[in-house]
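# Sharing a model prediction with you, sequence too.
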Amino acid sequence: MPGEETTFHAVFNHAEAGLWFVIALILAFRGRRQRPWRLLLPVAFVVFGASDLIEAQTGAWWEPWWLFVMKAACVLVFVLAWRAYRRQGRPHG
């Protein structure tokens, strides 16, 4: 039934948003090192979580168009931070 799918979709997106918010908190508290992404990465996870809350309302990650742009920008930050992390190596301590 369509109502059940929508409800599942909304619940899943809310749970996913909670996960991104928790990751943002962990990164914010553990990101005290002088890494270039230490502030940008937690913010990107918060924005990504917020985009999931919006997606729960709209029912699609690509509508409205700016939601897709918001998610794509976050994914770009994630990829660039991962790439920088791999190049610099794991921090000591």
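Structure received.
# How far off centre is the helix ranked longest in the chain?
When the chain is parsed with DSSP state H, its longest helix is helix 2-30. On the basis of C-alpha atoms, centre = their mean, to the nearest Å, helix 2-30 sits 9 Å off its chain's mean C-alpha point.
# burial measure for residue 11, as a count.
11 (other C-beta atoms under 10 Å). Any C-beta I mention is one placed from the backbone N, CA and C, and that applies to glycine too.
# Can you give me the distance of it to residue 18?
11 Å (C-beta to C-beta, to the nearest Å).
# Equivalent analysis for residue 9, please.
Residue 9 sits at a distance of 15 Å from residue 18 (criterion: C-beta to C-beta).
# re the thing from before, okay, angle between whichever helix or strand comes after the longest helix of the chain and helix 2-30 too, please.
From helix 2-30 onward toward the C-terminus, using DSSP states H and E, the following helix or strand is helix 40-58. Going by axes from the mean of the first three to the mean of the last three C-alpha atoms, to 10 degrees, helix 40-58 is angled at 170 degrees with respect to helix 2-30.
# which helices and strands does helix 40-58 pack with?
Contacts defined by 3 or more C-beta pairs under 8 Å, 6 or more residues apart in numbering; DSSP states H and E place helix 40-58 against helix 2-30, helix 65-88.
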